[in-house]
Structure formats: structure tokens, C-alpha cells
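Participant: sequence plus predicted model, see below.
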Amino acid sequence: MLEMRVSHRPRPAAARSPNGASDHGWYLVSSHGAVLFWIAANPGCTVRDVVDALCLTPRTVWGLLGDLRRAGMLHVRKEGRRHRYAVNPEASFRHPVLKGYPLRLILGEMLRRSAEAVAQGSQRTGRGTEAG
């Protein structure tokens, strides 16, 4: 008769957040949502910026950006060989619960703050202002 022994190793405890809740590896937004939120906070970014910030492969980012572009959620500006991305705040969410609501509704504060930061940066460097 063959005897089998199964070792029972204790599982590592789930990571805990600062409020004591366990983190089981789920996220509030999908990869598409993460890219969209990141671009909203960093308008004018490139594919490389997104790749580096979100630790995704270039191929993955290209796929996600393509989906977001086809959905009309991004503005794309070409500078030489580079594409620079910004969120189209008038585009609608696609999720059935949010369908018909514009991105501005959820991303409005983030878009406002990033626009302020860009304007402040332009004022400091003298870009974006007309010489008088």
C-alpha cells in the first residue's frame, strides 16, 4: 500500500492596508482605467511615459491606448515621431453602470488640477504666454 503524506505549509498572511483591511490583489479599475486615470493626471504624456509609470510592456500599453482611442476617450497630438496623449473629457464611459456619463464627471477634478499644473509650469518658463 502506498502511503502519501501531504505537507501543510502555512500560507502567508494577506497584506494589510493601513486601515487593517486585507489586500487580496484586486483593484478598483481595470488596466484601461488605470491608463486613462494616469493620462488624465499627466496630459501630454507619451507611450514610454505610460510604460514606465505603470510598469506595463510597450505592447500592452499600445493595445490599451488603441482601445481608448477607438472609444474616443483620448486626444492624440503628433510631435515628430512621438504621439502625446490627453483625455477627451467629453467622451462617455462605456461601462453599463456609467454609460452615457462623460469622463469629465468622474475625472473632472483630476483634469482641472493637471491643467492648473501645466499652466503654472508654462508661466514659470515663459511658454504659452504672448510677448507684449
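Facilitator: Alright, I've got the coordinates. Numbering: from 1, shown residues only.

Participant: check which helix or strand covers the closest residue to residue 110 other than its chain neighbours.
Facilitator: Leaving aside its sequence neighbours, residue 110 sits nearest to residue 40 (C-beta to C-beta, 6 or more residues apart in numbering; 4.7 Å). Just so you know, the C-beta spots here come from the backbone N, C-alpha and C atoms, and that holds for glycine as well. Assessed by DSSP states H and E, residue 40 sits inside helix 31-41.

Participant: in the helix or strand just after that helix, what's buried?
Facilitator: Downstream of helix 31-41, the first helix or strand assigned by DSSP H and E is helix 47-54. For helix 47-54, a neighbour-count test (16 or more other C-beta atoms under 10 Å) marks 49, 50, 51, 53 as buried.

Participant: reformat the residues you listed as a markdown table; add pLDDT and distance to residue 36.
Facilitator: Listed next are the buried residues of helix 47-54 as a markdown table, based on pLDDT from 0 to 100; distance: C-beta to C-beta, whole Å:
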| residue | pLDDT | distance to residue 36 |
| --- | --- | --- |
| 49 | 97 | 14 |
| 50 | 97 | 10 |
| 51 | 97 | 15 |
| 53 | 96 | 13 |
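
Participant: and of these, the nearest to residue 100?
Facilitator: Proximity of the buried residues of helix 47-54 to residue 100 (C-beta to C-beta) peaks at residue 50, which lies at 27.0 Å.

Participant: hmm, back to that, could I get the contacting residues of the residue nearest to residue 110?
Facilitator: Counting by C-beta atoms under 8 Å, 6 or more residues apart in numbering, residue 40 touches 87, 103, 107, 110, 111, 114.

Participant: mind doing that once more with 10 Å?
Facilitator: 73, 85-87, 89, 103, 106-111, 113-114 (C-beta atoms under 10 Å, 6 or more residues apart in numbering).

Participant: just the ones of those in helices?
Facilitator: 103, 106, 107, 108, 109, 110, 111, 113, 114 (DSSP state H).
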